[in-house]
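**Student:** next input, structure requested:
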Amino acid sequence: MRLAEAEAWLEGLINLERSPDLRHARLSLAPVQAMLARIGDPQRGLRVVHVAGSKGKGSTALLCEALLRAAGVSTGTFTSPHLERWTERFRIDGREVPGDALAAAVTALRPHADALREGPEPPSFFDVTTAAAFRLFAEAGVDVAIVEVGLGGRLDSTNVAEPAVCCITSIELEHTDKLGDTLAAIAGEKAGIAKPGVPLVCGALPPEALAVAEARARALGCPLAVLGREIRFELLEEGIEGSRFRFGEDAFEAELALAAPGRHQAANAALALACTRRLGRLDDRTLRDAAGRAFARVELPGRVEIFARAPWIVVDGAHTAASARALAATLRRLPRRRSHLVLSVSAGKDLAAICQALAPEADVVTVTRAEAVRSLDPKLVADAVRAAAGRAEVRVVPNPHLALRAAREALGADDLLCAAGSFYLAGIARRVLRERAPESRTPGPAPRV
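**Tutor:** Numbering: from 1, shown residues only. Next up, the predicted model:
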């Protein structure tokens with residue numbers, strides 16, 4: 001099977017799951033467990049950092065990867081969704097797996113998936129990609145696998161992992177149709193990744209959510225560390241090129257530069273450092289030195305990714321209320337005459353809150369539809385934009401390629417263009433804006449979030 005054929009088959013699994021006649025509802029992890037058992041349970045030999053959260057989990061996974069790689073530790077990293085290429089989801093030692101390697105993994109899994117689809121609990125698309133990741137990492141013999149949860153945690157396909165460290169980066173209202181409509185309910189789903197006795201690292205969670213995580217940790221005997229409590233964190237400097245922060249816990253102290261803007265990314269870096277410290281593979285001196293090197297040069301594609309500076313062209317996958325607010329705070333630091341926002345929002349997201357955060361930063365908002373099924377109707381999004389920002393001119397251009405090109409062509413030298421609202425749009429924007437972006441830097445490999 002060639003990569004194109006493997007991609008087409010995976011796309012077919014996604015389309016099948018969208019069918020209203022689908023007989024399978026995810027009520028257990030049995031399907032992915034059955035598939036993994038058929039291929040020898042490759043996940044059982046892996047030392048895993050398991051990362052969940054409403055936002056920041058993909059960035060935290062990549063920051064863990066960068067830190068471990070700087071220390072010479074072999075890594076496998078599984079993130080989702082991808083921005084441009086399927087291979088972005090599967091990284092070994094900091095690089096996307098080759099297309100033929102992914103095609104071989106999918107080829108090996110396909111007969112098992114097809115056989116299980118004849119039974120009462122057929123595997124899902126994400127079951128298959130999760131199994132592919134574990135197979136690839138086991139074959140490569142990586143020292144540490146960094147695995148990002150796809151959705152929720154308790155019933156996510158990745159929760160078959162046997163982790164050495166678990167992490168919950170953040171919790172906010174999202175996917176309420178699947179995870180629950182309160183912070184406590186969502187926290188219960190995400191805290192479902194915790195395992196008996198395994199260290200649990202948490203970001204600065206809302207009190208209602210933190211109480212759930214604490215109860216779960218007590219019940220399972222998990223050593224718990226929370227950012228801002230057991231994990232000391234102080235943002236020292238913040239700018240468009242990055243930030244400096246101070247990290248500390250126990251006798252460990254470090255002051256670090258991060259080549260990614262935003263307080264939220266500095267917090268993610270602190271979580272990555274705390275997770276890596278709990279793996280026990282590196283002494284504190286080695287870990288401090290590796291963090292200094294890794295964070296100073298890390299690249300986080302699709303996260304306040306700057307393609308040009310005159311005019312400013314920025315791509316960000318912000319798709320929750322908190323990530324939209326963080327992006328807005330960063331954009332306010334950029335000097336410009338006029339701002340143009342290209343926006344697409346996926347179903348299940350807090351549309352009003354995203355628009356309230358981003359729309360007031362723009363003079364012109366072009367609403368588009370990045371993904372035909374998963375993205376909201378642009379007219380619905382446009383109404384939310386108008387309600388959030390009365391001064392902005394609102395346009396609807398359903399085709400995202402046309403929307404991005406038109407917005408770019410209208411830019412003056414002192415203007416700003418930002419594409420945001422979903423990782424689907426971020427992936428398209430990276431392709432379109434790369435076509436002709438003045439003073440652009442060449443983006444690195446693009447995983448996720």
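
**Student:** how is the chain divided into domains?
**Tutor:** Annotated domains of the chain cover 3-297, 305-434 [automatic domain parsing].

**Student:** what is the rounded mean pLDDT of the shortest one?
**Tutor:** When pLDDT is averaged along domain 305-434, the result is 92.

**Student:** could the domains of the chain go into CSV alongside mean neighbour count?
**Tutor:** C-beta here means a position set from N, CA and C on the backbone, and glycine is covered the same way. Listed next are the domains of the chain as CSV, based on neighbours: other Cβ atoms under 10 Å:
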stretch, mean neighbour count
domain 3-297, 20
domain 305-434, 21
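
**Student:** please enumerate the helices of the stretch 51-200 of the chain.
**Tutor:** 57-70, 99-116, 125-140, 176-179, 183-190 (DSSP state H, counting those that start in this stretch).

**Student:** contacts for the third one next, please.
**Tutor:** Identification of contacts with helix 125-140 by Cβ atoms under 8 Å, 6 or more residues apart in numbering yields 10, 13-14, 16-17, 31-32, 35-36, 39, 42-43, 45-46, 74, 76, 78, 80, 89-90, 92-93, 97, 101-102, 105-106, 108-109, 113, 123, 145, 147, 150-151, 156-158, 160-161.

**Student:** report the distance from that helix to the chain centre.
**Tutor:** Centroid separation for helix 125-140 versus its chain: 18 Å, with Cα atoms, centre = their mean, to the nearest Å.

**Student:** average pLDDT for it?
**Tutor:** For helix 125-140, the mean pLDDT works out to 96.

**Student:** what's the angle between that helix and helix 99-116?
**Tutor:** 130 degrees (axes from the mean of the first three to the mean of the last three Cα atoms, to 10 degrees).

**Student:** and what of the first one?
**Tutor:** Between the direction of helix 57-70 and that of helix 99-116, the angle (the same axes, to 10 degrees) works out to 130 degrees.

**Student:** show me what helix 57-70 is packed up against.
**Tutor:** With contacts taken as 3 or more Cβ pairs under 8 Å, 6 or more residues apart in numbering; DSSP states H and E, helix 57-70 sits against strand 48-52, strand 75-78, strand 144-148, helix 263-278, helix 284-297.

**Student:** likewise for the fourth one?
**Tutor:** In terms of contact count using 3+ Cβ pairs under 8 Å, 6+ apart, helix 176-179 is assigned the packing partners helix 183-190.

**Student:** mean confidence for the helix it packs on?
**Tutor:** 94.

**Student:** stretch 165-179 too?
**Tutor:** For stretch 165-179, the mean per-residue pLDDT is 86.

**Student:** swap in stretch 231-241?
**Tutor:** Mean predicted lDDT for stretch 231-241 stands at 93.

**Student:** including distance to A211 and mean pLDDT, could the helices and strands packed on helix 57-70 go into TSV?
**Tutor:** Formatted as TSV, these follow (distance: least, Cβ to Cβ, whole Å; pLDDT from 0 to 100):
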stretch	distance to A211	mean pLDDT
strand 48-52	17	98
strand 75-78	30	98
strand 144-148	25	98
helix 263-278	19	96
helix 284-297	31	96
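
**Student:** of the ones you listed, which approaches A389 most closely?
**Tutor:** helix 263-278 (22.5 Å; Cβ to Cβ).

**Student:** the closest one to strand 48-52, inter-axis angle?
**Tutor:** Interaxial angle of helix 263-278 relative to strand 48-52 (the same axes, to 10 degrees): 150 degrees.

**Student:** could you dump helix 263-278 to PDB, C-alpha only?
**Tutor:** Output in PDB follows, covering the C-alpha atoms of helix 263-278 (Å, rounded to 0.1, in the frame of the first residue of the first chain):
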ATOM      1  CA  ARG A 263       2.300  33.400  28.800                       C
ATOM      2  CA  HIS A 264       0.300  30.300  28.000                       C
ATOM      3  CA  GLN A 265       3.300  28.800  26.100                       C
ATOM      4  CA  ALA A 266       5.600  29.600  29.000                       C
ATOM      5  CA  ALA A 267       3.200  27.700  31.200                       C
ATOM      6  CA  ASN A 268       3.200  24.800  28.800                       C
ATOM      7  CA  ALA A 269       7.000  24.800  28.800                       C
ATOM      8  CA  ALA A 270       6.900  24.600  32.600                       C
ATOM      9  CA  LEU A 271       4.500  21.600  32.500                       C
ATOM     10  CA  ALA A 272       6.800  19.900  29.900                       C
ATOM     11  CA  LEU A 273       9.800  20.400  32.200                       C
ATOM     12  CA  ALA A 274       7.800  19.000  35.200                       C
ATOM     13  CA  CYS A 275       6.700  16.000  33.200                       C
ATOM     14  CA  THR A 276      10.200  15.300  31.900                       C
ATOM     15  CA  ARG A 277      11.700  15.600  35.400                       C
ATOM     16  CA  ARG A 278       9.300  12.900  36.600                       C
END
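
**Student:** just the angle between it and helix 284-297, please?
**Tutor:** Computed with the same axes, to 10 degrees, the direction of helix 263-278 lies at 150 degrees from that of helix 284-297.

**Student:** among the helices of the stretch 51-200 of the chain, which is nearest E299?
**Tutor:** Comparing the helices of the stretch 51-200 of the chain by Cβ to Cβ, helix 57-70 comes nearest, at 8.3 Å.

**Student:** in which helix or strand does R218 reside?
**Tutor:** helix 207-220 (DSSP states H and E).

**Student:** as a whole number, average confidence for that helix?
**Tutor:** 97.

**Student:** partner strands of the very next helix or strand once past that helix, with direction?
**Tutor:** The C-terminal neighbour of helix 207-220 among helices and strands, as given by DSSP H and E, is strand 224-226. In the sheet, strand 224-226 lines up against strand 200-202 (parallel) (DSSP bridges).

**Student:** which other residues reach the strand it pairs with?
**Tutor:** For strand 200-202, contacts defined as Cβ under 8 Å, 6+ apart pick out 165-168, 191, 194, 210, 213, 216-217, 222-227, 231, 271, 274-275, 278.

**Student:** distance check, P120 against A34.
**Tutor:** 11 Å (Cβ to Cβ, to the nearest Å).

**Student:** one step back: mind putting the helices of the stretch 51-200 of the chain into JSON lines with distance to L287?
**Tutor:** JSON lines is the format used below for the helices of the stretch 51-200 of the chain (distance: least, Cβ to Cβ, whole Å):
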{"stretch": "helix 57-70", "distance to L287": "8"}
{"stretch": "helix 99-116", "distance to L287": "30"}
{"stretch": "helix 125-140", "distance to L287": "22"}
{"stretch": "helix 176-179", "distance to L287": "34"}
{"stretch": "helix 183-190", "distance to L287": "26"}
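
**Student:** out of the contacts of helix 125-140, list just those in strands.
**Tutor:** 76, 78, 90, 92, 145, 147 (DSSP state E).

**Student:** farthest-apart pair in these, please.
**Tutor:** Checking those with Cβ to Cβ, the most distant pair is I92 and V147, at 13.2 Å.

**Student:** which residues of the stretch 251-400 of the chain fall in strands?
**Tutor:** 252-258, 305-309, 312-315, 339-343, 364-367, 393-396 (DSSP state E, counting those that start in this stretch).
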